[in-house]
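1. I'd like to go over a predicted model; first the sequence, then the structure.
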Amino acid sequence: GQQLNQSPQSMFIQEGEDVSMNCTSSSIFNTWLWYKQDPGEGPVLLIALYKAGELTSNGRLTAQFGITRKDSFLNISASIPSDVGIYFCAGQQGAQKLVFGQGTRLTINP
Amino acid sequence: NAGVMQNPRHLVRRRGQEARLRCSPMKGHSHVYWYRQLPEEGLKFMVYLQKENIIDESGMPKERFSAEFPKEGPSILRIQQVVRGDSAAYFCASSPTGGAYYGYTFGSGTRLTVV
């Protein structure tokens, strides 16, 4: 089945730094989604991308849908403590399913 | 506006017992999805249901696992004769229309521990 490779697996940064993570696939996806998961909670949708090349922002978050439809990145600017968590990319597979990456665990040192 | 409600939040079962996980979708949502998350991994699709119908169960293990979404009441994910490898977080999601296009809403999950 389709798989998403997400990198890096973990990041340790200082508060205020910018963050960048990406996701690649061997297959084309028509929709890319980025989620954040806090400890003990379910994933919460951050950004949805629908068109190749699309660049979308949500506050300090910016995500892009790669031209080839096989990759996407998420940037977080000026990180703050509440940004801590696990970030997942997900691609829409068929009409109903999402395929998730392995996640990027973000840790912020104050 | 209540979100997707899952219970219990934590469930401990001995090997061989049955586990029943419940999911009440958001109000007005008639499409339910179950995903499983093993430790340190992403979520993996299990099953998609509409009221009284299983639409896609391609991610469900062939044995011991079943799901239902009755006309009345919550969706149930049932795991019979649990084994240690079933220990995971199980997430339910719902959407008002079928499809993952808008990235449906997830519940907080049920964390199953098999001892």
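-> Cool, got the structure.

2. right, is stretch A:37-49 up against chain B?
-> Yes - residues of stretch A:37-49 contacting chain B under Cβ under 8 Å from any Cβ of the partner chain: A:40-45, A:48. (Each C-beta comes from the backbone N, C-alpha and C, glycine too.)

3. which of these count as buried?
-> Buried by 16 or more other Cβ atoms under 10 Å in any protein chain shown: A:42-43, A:45, A:48, out of these.

4. out of the residues you listed, who's nearest chain B?
-> Chain B lies nearest to A:Gly42 out of those, by Cβ to the nearest Cβ, at 3.5 Å.

5. contacting residues for that closest one?
-> Neighbouring residues of A:Gly42 by Cβ atoms under 8 Å, 6 or more residues apart in numbering or on different chains: B:4, B:91, B:93, B:106-109.

6. Same question for A:Glu17.
-> Applying Cβ under 8 Å, 6+ apart, we find A:Glu17 in contact with A:78-79.

7. That one and chain B, how far apart?
-> Relative to chain B, A:Glu17 is positioned 24 Å away (Cβ to the nearest Cβ, to the nearest Å).

8. Could you report the distance from that residue to A:Arg60?
-> Separation of A:Glu17 from A:Arg60 (Cβ to Cβ, to the nearest Å): 12 Å.

9. Give the intersection of the neighbour lists for these two.
-> Common neighbours of A:Glu17 and A:Arg60 (Cβ under 8 Å, 6+ apart) are A:Ala78.

10. In helices only, show me the residues of stretch A:37-49 next to chain B.
-> Secondary structure defined by DSSP state H assigns none of those to helices.

11. can I get those residues in JSON lines with pLDDT and distance to B:Glu57?
-> JSON lines is the format used below for those (pLDDT from 0 to 100; distance: Cβ to Cβ, whole Å):
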{"residue": "A:Gly40", "pLDDT": "90", "distance to B:Glu57": "28"}
{"residue": "A:Glu41", "pLDDT": "93", "distance to B:Glu57": "26"}
{"residue": "A:Gly42", "pLDDT": "94", "distance to B:Glu57": "21"}
{"residue": "A:Pro43", "pLDDT": "95", "distance to B:Glu57": "21"}
{"residue": "A:Val44", "pLDDT": "95", "distance to B:Glu57": "26"}
{"residue": "A:Leu45", "pLDDT": "93", "distance to B:Glu57": "24"}
{"residue": "A:Ala48", "pLDDT": "93", "distance to B:Glu57": "26"}
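
12. For the closest residue to B:Asp56 other than its chain neighbours, the count of nearby residues, please.
-> Leaving aside its chain neighbours, B:Asp56 sits nearest to B:Tyr48 (4.3 Å; criterion: Cβ to Cβ, 6 or more residues apart in numbering or on different chains). Number of residues near B:Tyr48 (other Cβ atoms under 10 Å in any protein chain shown) recorded here: 27.
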